[in-house]
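Participant: requesting a structural model of the entry that follows:
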Amino acid sequence: MEKKNEINDFENSGNEKQNSLSSGIRIAWVGDYPAVRQQYVKINEAEYATDFEFFLRNQVHVVHHTDKTTSICSSLENRCFKRDKTSPLDDETIMKNLSQIHRDIIAFKYGGELVY
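Facilitator: Next comes the predicted model:
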């Protein structure tokens, strides 16, 4: 018998909210198998992953401005975590800053609560 209603579309694994907010479980596809995701820190309406690699790939971005400054911003909400007003930062310094920001998020420096 063929299914008539395909409401549960899990092809877009990056859209975890759509897939799992009602159940409270974060699900994504790893290869051909579903996998339960990590915990999140919820700040306002944004949920930041406790997994640093996922945070880097999906939840934060670096902006190099025309005035030669660099900002590290959230991809989930209108928040600038840090702005360096000196010269453009090198890759190593940017990674150190991203790591520190992630540690601050999971230590609740920006407020929030732990969710699954």
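
Participant: buried stuff in the helix or strand containing residue 98?
Facilitator: Taking DSSP states H and E as the definition, one finds residue 98 inside helix 91-106. Within helix 91-106, the residues scored as buried using 16 or more other Cβ atoms under 10 Å are 94, 97-98, 101-102, 105-106. Bear in mind the C-beta positions are built from the backbone N, C-alpha and C, glycine included.

Participant: using PDB, list the CA coordinates for that helix.
Facilitator: Extracted C-alpha coordinates of helix 91-106, given in PDB (Å, rounded to 0.1, in the frame of the first residue of the first chain):
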ATOM      1  CA  ASP A  91      42.500  32.800  10.300                       C
ATOM      2  CA  GLU A  92      44.100  31.600  13.500                       C
ATOM      3  CA  THR A  93      42.800  34.600  15.500                       C
ATOM      4  CA  ILE A  94      39.400  34.200  14.000                       C
ATOM      5  CA  MET A  95      39.300  30.500  15.000                       C
ATOM      6  CA  LYS A  96      40.400  31.400  18.500                       C
ATOM      7  CA  ASN A  97      37.600  34.000  18.700                       C
ATOM      8  CA  LEU A  98      35.000  31.600  17.300                       C
ATOM      9  CA  SER A  99      36.100  29.000  19.900                       C
ATOM     10  CA  GLN A 100      35.800  31.500  22.700                       C
ATOM     11  CA  ILE A 101      32.400  32.700  21.600                       C
ATOM     12  CA  HIS A 102      31.200  29.100  21.500                       C
ATOM     13  CA  ARG A 103      32.500  28.400  25.000                       C
ATOM     14  CA  ASP A 104      30.700  31.600  26.200                       C
ATOM     15  CA  ILE A 105      27.500  30.400  24.600                       C
ATOM     16  CA  ILE A 106      27.600  26.900  26.200                       C
END
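
Participant: other residues contacting it?
Facilitator: The contact list for helix 91-106, computed with Cβ atoms under 8 Å, 6 or more residues apart in numbering, reads 41, 43, 48, 50, 52, 55-56, 60, 62, 70, 72, 81-82, 84, 89, 110, 112.
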